[in-house]
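> okay, predicted coordinates and the sequence, questions at the end:
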Amino acid sequence: MNRGTLWYKNRICVPNVDSIRKLILSEAHDMAYSIHPGSTKMYYDLKERFWWYGMKRAVAEYVAICDTCQRVKAEHQRPAGLLQPLKVPEWKWEEITMDFIVGLPRTQKGYNSIWVVVDRLTKVAHFIPSAKLAEPYISVIVRLHGVPKRIIFDRGSRFTSRFWERLHNSLDTKLGFGTAYHPRTDGRTKELIDT
């Protein structure tokens, strides 16, 4: 105890009074000299001088509701390289794109997602209720249109499985992985899903 202040090691123990804690959080976050630090930096800055039970959570919650911080999020990834547009296919159903519509209410047959397969040249699409991939792929796409030379899709776990890779190796189809939600790769499929 030092002049009425309770200390924990070399830090001030802040009482469980919301107005005092909010004032400390506001000073550490909103003032001109603090410039809206992220929750991690703000926590480590406060941790040097103050202590209270649940301080880390309080800091994270304070930063999470800050409108300025939500609008101006720093990008922590290296910039992507130049986009490489895809060649236009020479023949219909030679190259296809695929994606899923998920989160739908479950049907009587147990489906809660739709598999969307789009021809890149003609933009014709098949909407297949999905639970499994191989059987509908063979019975709908391959049966109606033949084996495509190339398939483009995002890196969803359904498409990156060993079984899916081996199936297409045996069919001599090249798999082209795009980036999720990237309009240059499977944009037509995303466009159809959004409509």
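Cool, got the structure. Residues are numbered from 1 along each chain as shown.
> which residues touch A134?
Residues near A134 by CB atoms under 8 Å, 6 or more residues apart in numbering: 163-164, 167. C-betas here are computed from N, CA, C, even on glycine.
> over to W115?
W115 is in contact with 98-100, 127-130, 133, 136, counting by CB under 8 Å, 6+ apart.
> next, it: phi, psi?
phi -90, psi 120 (degrees, to the nearest 10).
> the residue nearest to it when sequence neighbours are not counted: neighbour count?
Among residues not flanking W115 along the chain, S130 sits closest, at 3.9 Å (CB to CB, 6 or more residues apart in numbering). S130 has 18 neighbours, counted by other CB atoms under 10 Å.
> quick one on the thing from earlier: mark which of the contacts of A134 are buried, thanks.
Neighbour-count burial (16 or more other CB atoms under 10 Å) applied to these gives 164, 167.
> what is the nearest of the contacts of A134 to P15?
Distance ranking of the contacts of A134 against P15, using CB to CB, places W164 first at 58.5 Å.
> averaged pLDDT, the host helix or strand of the closest one. What do you get?
Per DSSP states H and E: W164 is located in helix 162-171. Average pLDDT, helix 162-171: 78.
> so which elements touch that helix?
Using 3 or more CB pairs under 8 Å, 6 or more residues apart in numbering; DSSP states H and E, the elements in contact with helix 162-171 are helix 134-136, strand 174-177.
> with just CA atoms, put the last one into PDB.
The reference is to strand 174-177. Output in PDB follows, covering the C-alpha atoms of strand 174-177 (Å, rounded to 0.1, in the frame of the first residue of the first chain):
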ATOM      1  CA  LYS A 174      -5.900 -31.000 -64.500                       C
ATOM      2  CA  LEU A 175      -7.000 -29.400 -61.300                       C
ATOM      3  CA  GLY A 176      -6.600 -25.600 -61.100                       C
ATOM      4  CA  PHE A 177      -6.700 -24.200 -57.600                       C
END
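> quick one: distance of it to the chain centre.
Chain-centre distance of strand 174-177: 21 Å, with CA atoms, centre = their mean, to the nearest Å.
> next: stretch 110-128.
On CA atoms, centre = their mean, the centre of stretch 110-128 falls 22 Å from the chain's centre.
> rewinding a little: ok, the residue nearest to W115 touching P136?
Yes. The pair S130 / P136 is scored as a contact, 6.6 Å apart, by CB atoms under 8 Å.
> and for P136, the neighbour number?
Close neighbours of P136, defined as other CB under 10 Å, add up to 17.
> excluding its backbone neighbours, what's nearest it?
That would be I128: by CB to CB, 6+ apart, it lies 4.9 Å from P136.
> tell me the SS of the one you found?
strand (DSSP: H, G, I helix; E, B strand; the rest coil).
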